[in-house]
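Chemist: sharing a model prediction with you, sequence too.
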Amino acid sequence: MKYKRILLKLSGEALMGDKQYGIDASRLDKYVQDIKKVHEQNIEIAIVIGGGNIFRGVQAESSGIDRVQGDYMGMLATVINAMALQSALEKAGLFTRLMSGIKIEEVCEPFIKRRAVRHLEKGRIVIFGAGIGNPYFTTDSTASLRAIEVEADVVLKGTRVDGVYTADPEKNPDAVRYTNLSFQEAYEKGLNIMDMTAFTLCQENNLPIIVFDMNKEGNFYRIVKGEDVGTLIS
Ligand code: UDP
């Protein structure tokens with residue numbers, strides 16, 4: 001196996017499956033099976049999940065809700081997703097811990113770096129909910145920051161496309177997938193990999209990112225094994 005400790009970032013939207021809102025149970029189960037397969041290889045897995053399937057802070061402004069309030073609503077949305085994922089993982093027999101960026105004592109532990117690392121060492125899957133606990137950030141930034149804090153080897157960004165392309169592959173049939181990119185190249189070409197805060201954190205801390213299609217069964221496993229899947233930015 002190429003990696004020992006990884007951070008998997010899943011967007012909230014990915015959990016919707018074919019639905020327009022909320023969580024699709026069959027999609028969630030597929031992710032759980034993929035995660036289980038990787039976990040069986042003794043890989044330490046941390047997960048950050050987004051909230052876009054339920055609520056995004058920027059949406060709030062258009063409906064007259066204060067941005068900061070909206071961002072906290074978005075963070076709570078990520079906790080709902082994280083709880084659904086935790087429950088599905090436990091149903092599959094995996095041990096998990098949910099750690100939150102906002103204190104929600106009845107539901108999960110607060111994020112404490114040393115505890116998170118200890119959970120990982122014990123083979124528990126650690127889900128980081130509520131983002132970093134501050135407004136004006138995203139769950140991509142959370143993924144970068146938490147990966148650096150727990151010293152993960154790589155951030156695996158699971159999306160609906162199988163990597164980073166020269167152009168939007170859904171609009172341009174000539175678009176070509178990059179297999180490898182340096183951070184500098186990605187920046188100069190203006191490729192949209194993560195928001196700038198998240199991207200810069202990875203670059204400054206030499207934390208590689210792999211963008212890949214999480215919906216393709218077995219992809220997650222292939223990456224951890226070191227196969228050429230998706231786009232590696234390093
Ligand atoms: N959010 C935040 N701070 C964080 C992480 C998330 O304020 O550290 C809020 C923000 O409003 C964001 C929402 O939570 O829009 C949901 O997260 P995100 O949009 O990153 O989810 P995804 O697009 O991955 O589903």
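Modeler: Sure, I can see it.

Chemist: make it CA atoms for all contacts and neighbour counts henceforth
Modeler: Will do.

Chemist: quick one: the lowest-mean-pLDDT helix or strand in the chain near the ligand?
Modeler: Least confident element among the helices and strands of the chain, by mean pLDDT, DSSP states H and E: helix 57-62 (a mean of 87). Yes - judged by CA under 6 Å from any ligand atom, helix 57-62 and the ligand are in contact via Gly57.

Chemist: elements contacting the helix or strand following that helix?
Modeler: Counting by DSSP states H and E, the next helix or strand C-terminal to helix 57-62 is helix 67-91. Judged by 3 or more CA pairs under 8 Å, 6 or more residues apart in numbering; DSSP states H and E, helix 67-91 is in contact with helix 25-39, strand 44-49, helix 57-62, strand 96-100, strand 125-129.

Chemist: picking up where we left off before, mind checking how far the least confident helix or strand of the chain is from the chain centre?
Modeler: Chain-centre distance of helix 57-62: 22 Å, with CA atoms, centre = their mean, to the nearest Å.

Chemist: packing partners for that helix?
Modeler: Counting by 3+ CA pairs under 8 Å, 6+ apart, the packing neighbours recorded for helix 57-62 are helix 67-91.

Chemist: next one, pLDDT for Asp153 please.
Modeler: Note on Asp153: pLDDT of 98.

Chemist: surely it is in contact with Ile6?
Modeler: Yes - between Asp153 and Ile6 there is a contact under CA atoms under 8 Å: 5.7 Å.

Chemist: need the residues touching each of those two.
Modeler: Taking CA atoms under 8 Å, 6 or more residues apart in numbering as the criterion, Asp153 and Ile6 both touch Ala147.

Chemist: residues in this structure within reach of the ligand, list them.
Modeler: Applying CA under 6 Å from any ligand atom, one finds that the chain approaches the ligand through 11-13, 50-52, 56-57, 70-72, 74-75, 131-140, 142.
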